[in-house]
Every structure is written in C-alpha cells, then in structure tokens.
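Asks: I'll drop the sequence and a predicted model, then ask my questions.
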Amino acid sequence: MILVYEYMASGTLGDHLYKLARKSENGSSLTWKQRLNICIGAGRGLDYLHTGHRLIHRDVKASNILLDENFIAKVSDFGLAKHLSRSRLESHISTKVKGTFGYLDPNYLTTGKLTKNSDTYAFGVVLLEVLSGRPALDPSVPVYERNLTKWAQENISKGKADQIVAPNEE
C-alpha cells in the first residue's frame, strides 16, 4: 500500500523549531500565534484519529507534523499506526514497542500496552519542544539536560517553570 500526501510547502514543525532556527539568530521563525495554531491543529488531528477512526499513531513528533503554505498543521507518517477495535478503545493492545525515543510514553515503554495515552504523552513532548525550542533528546547539552521531559520536570519541581521557555522566544 502507498500513501500520497499533498505538497506541504512549509515543511515540518521540526524544520522550523530546529533546522531553520539554527540559521536564524532569533531561534524559530514561527511566531507564538503560529505555534499555538499549529499545536491546536495537530491536537485536533490526533483527536480525530483517536475518536473518529480509533487509530493510535505511535510516532507523534515534531518532524511528523507537516505545515502547508498557511502553516496549517497536518499529522503525517502513519507507518506505525495501530487500529483499535471498538471494545479496545478505552483499554489497550499489547504490542512490540515502536516509536521514537524521547517521545515514547514511559508506561508503554515498560509494559508494551499501547493506548491513546501513548500518543497524548508524545504530543506533550511536542508541546514542550514548541515551548522550549529544544529537541526531545539533545546530545549537545550536559547529560542531566539531554532528555527534555526529565529536564522540564526537574525545573518545574524546583519552582523554575520559567526556565523551560526558550530565552530567545519570550
């Protein structure tokens, strides 16, 4: 089976957060309004998959959120998606763990039980990326800061939630 996507002139969310940001002194080329609209659009897309089609994406990440010429978000790359029967929608399926490290739901990672919450966790990581301007896993920073979710949780637990927002994005 082959899946063809329409041309997405603005690339991916990941392109704007990382590749294009490296070329710019001011970080991401996206405004906060664009970021918010992209996140809302991607969130609606995931909700549509979960409730409308009983699909779990299994690889939600910034590089799988495509942007058209108006920066309208579309969730892409369904190569790992799983379809749930109606009776399983509120439960889970047991499966071999697949996805991208840094975005994997810790519960899914340890139990192999896949639920729509696995996508929700990964989308939360994307939201942290948008807020912080940092990738889910970053080998260029000190070891204790490499995992975005752990770094963010640490800052929040210390009352330093403001440290999560990228300095050049405020």
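Replies: Perfect, thanks for sending it.
Asks: Every contact and neighbour count from this point should use C-alpha atoms.
Replies: Fine.
Asks: Please enumerate the helices of the chain.
Replies: Assigned by DSSP state H, the helices in the chain fall at 13-14, 20-23, 32-47, 106-111, 116-132, 148-157.
Asks: and residue 5, which of those helices is closest to it?
Replies: The closest of those to residue 5 is helix 32-47. By Cα to Cα, the value is 15.0 Å.
Asks: List the buried residues in the closest one.
Replies: Going by neighbour count (16 or more other Cα atoms under 10 Å), the buried part of helix 32-47 is 35, 38, 39, 41, 42, 43, 45, 46, 47.
Asks: Which neighbouring elements make contact with it?
Replies: strand 73-75, helix 116-132 (3 or more Cα pairs under 8 Å, 6 or more residues apart in numbering; DSSP states H and E).
Asks: and the last one, what does it pack onto?
Replies: Right, the one you point to is helix 116-132. Checking 3+ Cα pairs under 8 Å, 6+ apart, helix 116-132 ends up next to helix 32-47, helix 148-157.
Asks: Go through it and list whatever outside residues touch any part of it.
Replies: Defining contact as Cα atoms under 8 Å, 6 or more residues apart in numbering, one finds that helix 116-132 is touched by 17, 35, 39, 43, 46, 50, 56-62, 89, 102-105, 107-108, 134-136, 148-149, 152, 164-166.
Asks: What's the local residue count around the nearest residue to residue 35 once chain neighbours are set aside?
Replies: Spatial nearest neighbour of residue 35, excluding adjacent residues (Cα to Cα, 6 or more residues apart in numbering): residue 130 at 6.9 Å. For residue 130, the neighbour count with other Cα atoms under 10 Å is 26.
Asks: likewise the one 5 residues further on?
Replies: For residue 135, the tally of surrounding residues (other Cα under 10 Å) stands at 22.
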